[in-house]
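Asks: sequence first, predicted coordinates after that:
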Amino acid sequence: MGLLDDKVVLVNGGSQGVGAAIARAAVRENTTVAVTGRRAEPGEALVAELTAAGGTAMYIRADLADAGQAKASVGAVVDAYGRVDCLVNSAGLTSRGTLLDTTPELFDAHIAINLKGPFFAMQAAVADMVARKAPGTVVNIITSSAHGGQPFLAPYVAAKAGLIGLTRNAAHAHRWDRVRINGLNIGWTATEGEDATQRTFHGAGDDWREEAAARLPMGKLGQPDEIAGLVVLLLSDRSGVVTGSIIDWDQNVLGGLD
C-alpha cells in the first residue's frame, strides 16, 4: 500500500531537480506519473529510470511558458490514462533581475513560466476533476522569496507572489468540488538548476554547496528528496482536509531577527 495508490500524477517541470524528486517519490507510493520538460533527454532518462524501478511513467515534451502547451500537457495525460488525479507545478525560472534593470521581456518570461503556466495547467486539471465529479489535489512549488526576497529577484518574486494568491483563490473556489490546492514555499535548495544559476550569475566554483552549507543553520541546503516527501503527503489523502495552505519549507524563520 502506498500513499498514492492507483493515482495518476502529472508533475510539470518534472524532468530534473525538485520535480524529478517528486516523480520518484510518487512512483514509490504506487502511482502512475507523467512528467513534462522542455528537453527530451533528461525527461526520457527519468522515465526510463522510473520504469526500470517498476513504475509506470511517461514523458511529455512541453514548454510551460506557453499556456497552450501547459493545458495540452494535462490533455496528454488524460488521453493516456483517462484522468489526472494530482497535479504538481514545479517548473520555474530564476533568472536574475532587479526593479531597476529588469526588461519587459524578462518580466514577461517570469510571468509566463512562474504564474501563467501553472494557471492554465491548473485550469485544465481542475476542469477534468470537476467534469468527472472526482476529488483531486494540486501542489504548487513556490518560494520563500515570495515574502519579499532578494533585490536581484524582483520579477521572480512578483510572479511567485502571484502564484500564492492564485493557489488560495483556486482552493477557495473549488473546495466544494473536493479539489484541494496547496502551495509550498521552498527555500534554498540543492538542484541542478541552482548549480547553473550560482555559476552563471554569481561566479560560484565547484565548492559553492559546501560554502553555502556552512552558512546555513542546518548545515546543508534544502534537499529535493525531502521536499518530495512533503509534496507526496500533500497530494495524498493522508493530508486530510487541508486546502489553501501555503507552507514555508525553509530553515530561516520568517520574521525572526538576530
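Replies: Structure received. Numbering: from 1, shown residues only.

Asks: contacting residues for the closest residue to residue 151 other than its chain neighbours?
Replies: Nearest non-adjacent residue to residue 151, counting by C-beta to C-beta, 6 or more residues apart in numbering: residue 98, 5.3 Å away. C-betas here are computed from N, CA, C, even on glycine. By C-beta atoms under 8 Å, 6 or more residues apart in numbering, the contact set of residue 98 is 151, 152, 154.

Asks: most neighbours among the residues you listed, which one is it?
Replies: Neighbour tally across the contacts of residue 98 (other C-beta atoms under 10 Å): the maximum, 20 neighbours, falls on residue 154.

Asks: re earlier: which one among the contacts of residue 98 gets closest to residue 222?
Replies: residue 152 (19.6 Å; C-beta to C-beta).

Asks: ramachandran angles for that closest one?
Replies: Residue 152 adopts backbone torsions of phi -90, psi 10, taken as degrees, to the nearest 10.

Asks: strands of the stretch 151-258 of the chain, start to end?
Replies: Per DSSP state E, counting those that start in this stretch, the stretch 151-258 of the chain carries strands over the ranges 179-186, 246-249.

Asks: quick one: the shortest one to chain centroid distance?
Replies: By that I understand strand 246-249. 13 Å (C-alpha atoms, centre = their mean, to the nearest Å).

Asks: what helices or strands is that strand leaning on?
Replies: Strand 246-249 sits against helix 154-173, strand 179-186, helix 224-235, with contacts defined as 3 or more C-beta pairs under 8 Å, 6 or more residues apart in numbering; DSSP states H and E.

Asks: for it, give me every contacting residue.
Replies: Contacts of strand 246-249 (C-beta under 8 Å, 6+ apart): 142, 144, 164, 167-168, 182-187, 222, 227, 230, 234, 254.

Asks: what is the neighbour count of the nearest residue to residue 160 once chain neighbours are set aside?
Replies: Distance criterion C-beta to C-beta, 6+ apart; nearest residue to residue 160, sequence neighbours excluded, is residue 146 at 4.3 Å. Residue 146 has 23 neighbouring residues, counting by other C-beta under 10 Å.

Asks: and for residue 6?
Replies: 9.

Asks: for it, give its distance to residue 25.
Replies: Separation of residue 6 from residue 25 (C-beta to C-beta, to the nearest Å): 16 Å.

Asks: got it, and residue 139?
Replies: In this structure, residue 139 and residue 25 are 12 Å apart, going by C-beta to C-beta.

Asks: also residue 215?
Replies: Applying C-beta to C-beta to residue 215 and residue 25 gives a distance of 28 Å.

Asks: and residue 232, by the same measure?
Replies: To residue 25, residue 232 is 5 Å away according to C-beta to C-beta.

Asks: now do residue 149
Replies: Look at residue 149 and residue 25: by C-beta to C-beta, they are 27 Å apart.

Asks: and those two? Which one has more around it.
Replies: Higher neighbour count among residue 149 and residue 25: residue 25, with 26 against 16, using other C-beta under 10 Å.

Asks: so for the more buried one, what's the pLDDT?
Replies: Note on residue 25: pLDDT of 96.

Asks: so what's it up against?
Replies: 225, 228, 229, 231, 232.

Asks: determine the residues that are contacts of both of residue 139 and residue 25.
Replies: Common neighbours of residue 139 and residue 25, counting by C-beta under 8 Å, 6+ apart, are residue 231.

Asks: once you drop chain neighbours, what's closest to the residue nearest the centre of the chain?
Replies: The C-alpha lying nearest the average C-alpha coordinate of the chain belongs to residue 90 (C-alpha atoms, centre = their mean; 1.9 Å). Spatial nearest neighbour of residue 90, excluding adjacent residues (C-beta to C-beta, 6+ apart): residue 19 at 3.6 Å.

Asks: picking up where we left off before, out of the strands of the stretch 151-258 of the chain, which comes closest to residue 58?
Replies: Among these, strand 179-186 sits nearest to residue 58 (C-beta to C-beta), with 23.0 Å.

Asks: ok, residue 190 to residue 34 distance?
Replies: 25 Å.
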